[in-house]
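Chemist: Provided below are the primary sequence and the corresponding predicted coordinates.
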Amino acid sequence: MSVLTVDGLSVSAGDAELVKDVSFTIDKGERVGLIGESGSGKTVTASAVMGLLSEELTASGSIQLDGREIVGMPERDLSRLRGRDMSMVFQEPMTALNPSMQVGKQVAEVMTLHRTRPDRRSARSAAVDLLDRVRLPDPQRAAKAYPHQLSGGQRQRVMLAMALANNPSLLICDEPTTALDVTVQAQILELILAGTKESALLFITHDLAVVATVCERVLVMYDGQIVESGLVRDVFTAPRHRYTQQLLACSDLESTDQDGRLWTVTHD
C-alpha cells in the first residue's frame with residue numbers, strides 16, 4: 001500500500017477550479033517532486049493533503065494517508081495526524097514558528113501534543129537531540145533561543161526538526177530552500193534526504209536543479225492539472241508536454257541517477 005494516494009482530487013473556490021482531477025501516489029521511502037509556475041496549484045494540492053484548506057475552498061475526490069481518507073475528515077481527527085503521521089516544512093519559517101517561545105520548547109511541544117514521549121522532560125531532551133541531528137551548532141544553547149535570534153537557515157533547521165520529531169509517514173516540503181543562499185540550501189537538502197529515508201517525501205519547488213538533486217520522480221503541474229509525470233531523468237531529458245519543454249528550455253541540469261549514470265540537460 002502506498003503511503004499517500006491522491007485520486008481525482010479537485011479543489012474549487014466557488015465556480016473556479018484551482019486543482020483539477022489530480023491523481024498520484026507516493027510509496028514509503030520514495031521522493032517525488034512537484035514542479036510548476038506560481039499559481040499552478042502546487043501549494044493548494046499540498047494544503048489539501050494536510051487538511052489545511054481555507055474555509056472558502058472545497059475539496060472533492062480522495063486523499064488517503066496510509067489508507068485513511070483525508071477528504072472530509074473532521075478537524076479533530078486531522079489534528080491528530082498533523083505533526084505525527086504527516087508533517088510539512090514551509091518556505092518561510094519565521095511565519096511558522098512562534099516568535100514568543102524558545103525553539104527547543106516548540107520542538108518538544110510537537111512530541112508532547114501527540115504523546116510520543118512519556119513526559120515533558122524527555123520531550124525537551126529529545127528536542128535537543130533533534131536540533132543536534134539537524135546540525136544546529138551548540139544545540140543546548142540553540143534550544144533556549146527565540147526564532148528572531150537565529151538565522152534563516154537555522155530557523156529552517158528548527159522547522160525540519162519539528163517536522164521529523166515524530167517520524168511521520170509523509171513529509172511535505174513547500175519551497176523550503178527558496179530564501180536560503182546556495183551553501184545553506186545544499187545543507188538543508190542533505191538533511192531532508194537523511195531524514196526521509198523511511199518516509200514518503202513530496203517536495204514542492206520551482207527549482208528544477210533541486211528536483212534533479214533530491215527526487216526520483218517528478219510531477220509537472222500546469223493550470224491546476226498534472227500534465228506530465230515520470231522518473232526525473234526521463235522527464236527532464238525527453239519532456240513530452242509543451243509546458244515541461246518550456247520549463248526546461250532555460251535550464252542546464254546535471255545529475256546522477258540511482259544506477260550511478262550521469263545525465264545532462266543542456267539547452268542553447
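Modeler: Nice, thanks for sending it over.
Chemist: kindly state the pLDDT recorded for the residue nearest the centre of the chain?
Modeler: Nearest residue to the geometric centre of the chain (Cα atoms, centre = their mean): residue 173, 1.7 Å. We have a pLDDT of 94 for residue 173.
Chemist: helix, strand or coil for it?
Modeler: Secondary structure, DSSP: H, G, I helix; E, B strand; the rest coil: residue 173 is strand.
Chemist: likewise residue 178?
Modeler: Per three-state DSSP, residue 178 ends up coil.
Chemist: that one reaches residue 90, doesn't it?
Modeler: No - with contacts counted by Cβ atoms under 8 Å, residue 178 stays clear of residue 90, the gap being 10.4 Å. C-betas here are computed from N, CA, C, even on glycine.
Chemist: list the residues that contact residue 35.
Modeler: 42, 204, 205, 206, 208, 211, 218, 219, 220, 221, 247 (Cβ atoms under 8 Å, 6 or more residues apart in numbering).
Chemist: now the nearest residue to the fourth one once chain neighbours are set aside: how far from residue 221?
Modeler: Just to be clear, that refers to residue 206. Among residues not flanking residue 206 along the chain, residue 35 sits closest, at 6.4 Å (Cβ to Cβ, 6 or more residues apart in numbering). Distance, residue 35 to residue 221, by Cβ to Cβ, to the nearest Å: 7 Å.
Chemist: quickly list what's touching both of the two.
Modeler: Joint contacts of residue 35 and residue 221 (Cβ under 8 Å, 6+ apart) are residue 42.
Chemist: read off the pLDDT value for residue 252.
Modeler: 63.
Chemist: now the helices for the stretch 51-200 of the chain?
Modeler: 75-81, 93-96, 103-113, 120-133, 139-142, 152-164, 182-195 (DSSP state H, counting those that start in this stretch).
Chemist: as a markdown table, those helices with mean neighbour count, mean pLDDT and distance to residue 31 would be great.
Modeler: As requested, those are exported to a markdown table (neighbours: other Cβ atoms under 10 Å; pLDDT from 0 to 100; distance: least, Cβ to Cβ, whole Å):
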| stretch | mean neighbour count | mean pLDDT | distance to residue 31 |
| --- | --- | --- | --- |
| helix 75-81 | 13 | 94 | 21 |
| helix 93-96 | 16 | 80 | 21 |
| helix 103-113 | 22 | 94 | 23 |
| helix 120-133 | 19 | 93 | 19 |
| helix 139-142 | 16 | 95 | 27 |
| helix 152-164 | 24 | 91 | 15 |
| helix 182-195 | 16 | 87 | 8 |
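Chemist: tabulate those helices (CSV), appending distance to residue 56.
Modeler: Output for the helices of the stretch 51-200 of the chain, formatted as CSV (distance: least, Cβ to Cβ, whole Å):
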stretch, distance to residue 56
helix 75-81, 16
helix 93-96, 20
helix 103-113, 28
helix 120-133, 36
helix 139-142, 39
helix 152-164, 27
helix 182-195, 32
